[in-house]
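1. let's see this in three dimensions:
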Amino acid sequence: MIKRLIFLFVLALILTGCGQPDGNPAGKEEPKAGNQEGRRYTLEMFMQIDMGHTYEEVQALLGDPGENMVDNERLKQYQWTNEDESQINATFYDNEAVAKSQAHLGPSLTGKQAVTLAMYNKLTEGMTIQEVEGIMGAGTQRMYALVEGKEEMILAWDNSDGSGISVTFLEGKVTKISKMMLK
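-> Residues are numbered from 1 along each chain as shown. Below you'll find the predicted structure:
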């Protein structure tokens, strides 16, 4: 039960960190997804964080202690934020990573790579990761967590105009499909 609460907490942070449905919260300049130049924390660093890593191992990987967002006896969460507001979050339970998420670190899709409403309409619950990527191409991991021993993951496809698709997987099967601003 506690790990389910951790997952819900992490998911809430992801959703608040990814902007509002209009794609531009309070007139704030959008992070430039995919622009890795000048970023201290990158998608590659995010992908190197493994479940079970200690806070000290993640801190060493990212080269900085990060900002402590949650500090309970057993549950802790840290955030590492770039100047462009892109970020990495890691959640620890008993000093072991149980969840990680990122916002705005992935590539911006344009041209023939851009995702469309037609692609979204082909996706259905129960599909495998391979079936989804057969339609969409490779996605960018936005969140990964171990919840009660089961893998939960969100893959995202973000267009350069802020529109996109995110798909939630539980044990490799689609459980939720979301779109943002697709026409």
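2. for this protein, just list every one of the strands.
-> With DSSP state E, the ranges of strands along the chain come out as 67-71, 75-81, 87-93, 96-103, 108-109, 140-147, 150-159, 164-170, 173-180.
3. ok, which of these comes nearest M119?
-> strand 164-170 (7.0 Å; CB to CB). C-beta here means a position set from N, CA and C on the backbone, and glycine is covered the same way.
4. and the closest one, which strands flank it?
-> If you go by DSSP bridges, strand 164-170 pairs up with strand 150-159 (antiparallel), strand 173-180 (antiparallel).
5. quick one: which of the strands of the chain has the weakest pLDDT on average?
-> Among the strands of the chain, strand 108-109 carries the lowest mean pLDDT, a mean of 90.
6. which secondary structure elements does it contact?
-> Using 3 or more CB pairs under 8 Å, 6 or more residues apart in numbering; DSSP states H and E, the elements in contact with strand 108-109 are strand 150-159.
7. what angle do the strand it packs on and strand 96-103 make?
-> Counting by axes from the mean of the first three to the mean of the last three CA atoms, to 10 degrees, strand 150-159 lies at 20 degrees to strand 96-103.
8. what angle sits between strand 150-159 and strand 140-147?
-> Relative orientation of strand 150-159 versus strand 140-147 (the same axes, to 10 degrees): 160 degrees.
9. what's in contact with strand 150-159?
-> Strand 150-159 has contacts (CB atoms under 8 Å, 6 or more residues apart in numbering) with 7, 14, 33, 101, 106-110, 114-115, 129, 132, 136-137, 139-146, 164-172.
10. go again using 6 Å as the cut-off
-> 33, 106, 109, 114-115, 136, 139-140, 142-145, 164-171 (CB atoms under 6 Å, 6 or more residues apart in numbering).
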